[in-house]
Structures are given as C-alpha cells and as structure tokens.
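>>> make a model of this:
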Amino acid sequence: MAHGTGGDYDGYDGPLVPGMGAEPYQGQPGPHADSGWEDYGSEPYRPRPHRSLWFLGGAFSAVVALGLAAGVDEIAESGHAVHAVVNKLDGLAHHGAAGTNQAAGNKSAEASASPAAASCIAALPLDMKLGQTLVIGVLGPDLAADESFFAGRNIGGAVIMTPPANPEDGSINQFKTHAGRVRVLIGSDEEGGASNAGGVQRFRSLGSLPLAETAGKTMAPDQLKAEVADYGKKLKQIGIDEVYGPVADVIDPAIPNPLPGRMYSSVPKTVADFDAAAVEGWQAAGILPTLKHFPGLGTASGNTDKVPATTAPLAELESLGNLVPYAQLHASGAAVMVGSQVVPGLTGSRPANQSPEALDLLRNKLGFQNALVVTDSLSAAAIPDPVAAAVNAEEAGVDMAMIVSPAPGQSMGQEVDAVIGGLKNAVATGHLTVDKLNASAGRILAAKHVDPCTILKK
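Below you'll find the model as predicted:
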C-alpha cells in the first residue's frame, strides 16, 4: 500500500512506505489538518494579459471548426463561442456528432444498465457498492500483501504508484483476480515523457511515450496513436485496465505552465486532436483512457498536487477554449478525471471534484452522462481533508474517489475505513442517494466488463 505525505500524485515525489501495516504512518506534517472550504484555492487567480489577441489567433478558429463539425450554425464571433457549442451539445450528445470515436461512445452508453442489471446492482450489499467506489494507491512490490486489505473492504480500483520489480511477473494480474469477489480495476498514470523532463509514465521499462508538449510540436496525431497502441498492448498484457491520461489541459501562454511539458498545445483544437489520437490508441489496446484534469489546469495558479490552486473564471475558460477537448471527445468512450482546482463562477470555494455544478457541466452539458468519472488524488496538497473530500465528491456525482496515501498520523486502513464510514452516513442521511450510488456502481462494473448478476451468484 502506498503511504506518504500527499506528495505529487501524477509524478509522485512523496515518501513511500512499503506494506499495509496497522501502525499510523509517522510522516511530516501535511496539508490534511483543516477541513474548511476557506482553505481551498488560497493562491489567487491573476488576470492574464493580452487574452484577446491570443484568442482571435487560435482558439476562435478551433471553436468555429468544432461548431461546424457539431452542426452548430450560429457560432458567435466573440468569446462566447465555446459557450454556444456547450449549450448545443445537450441536443447533440445522443447523436455523437462532436465525437471522434462513435463506436467507443456506444460502448460508453452500455454503462446505462439494463433493467435486469439494474435490479442486480440494487441487490448488491451496500458495503460492496461503497468499496467499489474507491481507488487506492498501491506499490508493485506489495501487491500480494495487499490482497486481503482490498478483499476485506471490497475496494474497486487500484492505482499502481510504483511498478513491480519485474512488471511481467504476473503479480498484477494475480492481484486483480485475488483481491476480492469483484476483480479490481487496475490503473496507472501514463502520460508519457521522461521523469527528469517533467513526464509521467509508470511503466517506462516496457516502452516509452513522448512528452505531451514534444508530441504536440513534432508529431502528427496518427503517429501518437500508433505509439500509444503499441505500448498499451504491453500494459494490457501485464494487467493494466485503465490509464490516467491523456491530459486535456490547454497551455496558457500568458502564465507559467503549472504542469510543464504535460500539455500538448496552447491551441485547443490541437489538444483535442492529440487527445483523440491517444484515446483511440489506448482503446485499440483494450485499455480505458481517462481525460484529465477537468475542467482544465492550463490557467491554474499552481499544480494542485503541491499547492491549492485557482483557475481563470469559467467564462474565461470557455472563451479560451479549455472545454473544447471535452466537447470534441464527449462520445469517445473515455473516462474523465476531475481535478482539485477551484474554478470561480463554477465551483464556488470548492475544488472541482467536489462541486455538483462542475459534475453537472461535465455530465449534462458536455455529454459525459455515462462516462466513468474519478477524482484526481485526494491525497494531494490541495485537499486538506481527504476523508471529507471523498464523501463530498461522491455526493457531487463522481463515481470513484482516489486516495493514494494516508494523511500523516493515519494508516491507510484507518483512512479508508473512515471514508467508507462517511459514505455510509451519507447514504443513511440521503446526502448520497441510493440511485446515485447504484448508477456509479453500474458504471464501475461496466468499466470492468463485469455482469452484476454474476456477483450475486458467487
């Protein structure tokens, strides 16, 4: 089990303590002590200069192209162009006109359970459904030792923080099938690029992917798709089911990049095209891709893994084209990771992954109704209270809450048990409705290709 002080999830640099263990991890004081919303987004948003010239030069043409592709015939010649496209997507989502992979979109729609499947999901034990909504960080060398921890809590997902010494030794596949009645969804952070260049790629020993910004400048999308598919087949063989990538954030040239090297471009349509290529490459390998970090970190005041951060207001994100990749890929079948940034005009003082308004924008305005939605790591510095955050996130409409390491002074068991207890209370009080929980369970099981009715027979 991954233990540490929050650290940097995507390129994790916090301490890792092997093994599950019952003893609290005695780490350095971390960012988890306070739970008030006022702690979020303490780094203020600073207006960026020269927006209009940049917008007219790149994003506007990208939005017009997107609008035409989606059948939008009244695109405004102003900063409200993306907003017009988003509004139109409510009517277009079922037709997939703005998507790049309609076949994959149909697969995503399967997450809307049939009446028989819905009945079986409703009959599953509450503890099982709650456990399925969690993604927990694990260390490759500890997989066998962590099987009982996962099985005892019905945990649905694991994110590999460090690979096994020999990734091809079969330990990941064994863990997946031995760690509970329902096989675990195994995820890995796979954006590409060497770590010393800012890249994030866990299983680099099996092959390398280019750094996103390098790919955006030097490659064609089809080249990226081919490289992702080849690498993805190797990951699939060792047991990886889901990757956290590609990054759908758009570079803001007016400010320092909060994720240097990890974004494809400052042109929204270019980002969308490379995201589409990566999504199709992962899907060709049989792996679920995950767009991140909705609704975008390109304008953020910092990296939420390291500091609380605030982005430009929603209206400005729309005018700059930050939602274009999501609008273009709403029918692609990709999952979505919602970030921990505060977005003025959308999330209030809450991080996006705990905001009902942000989840409404994603699911009901941008067309990701049936997509699997996961939080960014709630062990990050932007999240002062990961237990409360996990409960808030699921109440807001997220399917899976991710915890990669416990708060200082806590064991992973203590933290996970506190989350499950909080979720039970949320169900008992009606803050997390049974219908919402059942819908999430259905999407999670669909991502695993598990028939819920077979679980009842075990």
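
>>> so what's the residue count around residue 220?
Taking other CB atoms under 10 Å as the criterion, the count of residues near residue 220 is 12. All C-beta spots, glycine's among them, are computed from the backbone N, C-alpha and C.

>>> run the chain-centre distance for whichever helix or strand residue 276 is part of.
In the assignment (DSSP states H and E), residue 276 maps to helix 268-284. Relative to the centre of its chain, helix 268-284 is centred 15 Å away, using CA atoms, centre = their mean, to the nearest Å.

>>> so where do the strands sit in the protein?
Listed in chain order, the strands found in the chain under DSSP state E are 134-139, 157-162, 185-192, 200-201, 242-247, 288-294, 335-338, 373-375, 401-403.

>>> alpha carbons only: can I get the second one in CSV?
These are the backbone C-alpha positions of strand 157-162, laid out as CSV (Å, rounded to 0.1, in the frame of the first residue of the first chain):
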residue,chain,number,x,y,z
GLY,A,157,-9.8,0.2,-8.0
ALA,A,158,-6.1,0.3,-7.5
VAL,A,159,-3.6,2.8,-9.0
ILE,A,160,-0.1,1.5,-9.3
MET,A,161,2.3,4.1,-7.8
THR,A,162,5.5,2.1,-8.4
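
>>> got the angle between it and strand 134-139?
Using axes from the mean of the first three to the mean of the last three CA atoms, to 10 degrees, one finds that strand 157-162 and strand 134-139 are set 20 degrees apart in direction.

>>> helices or strands up against strand 157-162?
strand 134-139, strand 185-192 (3 or more CB pairs under 8 Å, 6 or more residues apart in numbering; DSSP states H and E).

>>> hmm, who's touching it?
Residues external to strand 157-162 that are found in contact with it (CB atoms under 8 Å, 6 or more residues apart in numbering): 2, 12, 16, 134-141, 150, 172, 175, 179, 184-189, 202, 240, 242, 244, 374, 400, 402, 404, 444.

>>> one more time with 7 Å, if that's ok
2, 12, 16, 134-140, 184-188, 202, 400, 402, 404 (CB atoms under 7 Å, 6 or more residues apart in numbering).

>>> how about the third one?
Strand 185-192 is touched from outside by 10, 135, 156-160, 172, 176, 199-203, 209-212, 235, 239-247, 262, 447-448, with contacts defined as CB under 7 Å, 6+ apart.

>>> what pairs with it, and is each one parallel or antiparallel?
Paired strands of strand 185-192, with direction, are strand 157-162 (parallel), strand 200-201 (antiparallel), strand 242-247 (parallel) (DSSP bridges).

>>> which of those strands is buried the deepest?
strand 242-247 (a mean of 28; mean count of other CB atoms under 10 Å).

>>> grab the nearest non-local neighbour of the residue nearest to the spatial centre of the chain.
Within the chain, one residue has its C-alpha closest to the average C-alpha position: by CA atoms, centre = their mean, that is residue 337, at 1.7 Å. Across the structure, with CB to CB, 6 or more residues apart in numbering as the measure, the residue nearest residue 337 apart from its sequence neighbours is residue 292 (3.7 Å).

>>> how far away is that neighbour from residue 137?
Between residue 292 and residue 137 the computed distance is 16 Å (CB to CB, to the nearest Å).

>>> check residue 418 too.
With distances taken as CB to CB, residue 418 is found 16 Å from residue 137.

>>> looking at these two, which one has more neighbours?
More neighbours surround residue 137 than the other of residue 418 and residue 137, with 25 against 18 (other CB under 10 Å).

>>> count the neighbours of residue 144 for me.
Going by other CB under 10 Å, the residues that sit close to residue 144 add up to 13.

>>> tell me how far it lies from residue 187.
Noted for residue 144: a distance of 19 Å to residue 187, by CB to CB.

>>> for residue 122, same thing?
27 Å.

>>> repeat that for residue 339.
Noted for residue 339: a distance of 16 Å to residue 187, by CB to CB.

>>> where does the stretch 101-250 of the chain dip in pLDDT?
Residue ranges of the stretch 101-250 of the chain with pLDDT under 70: 101-112.
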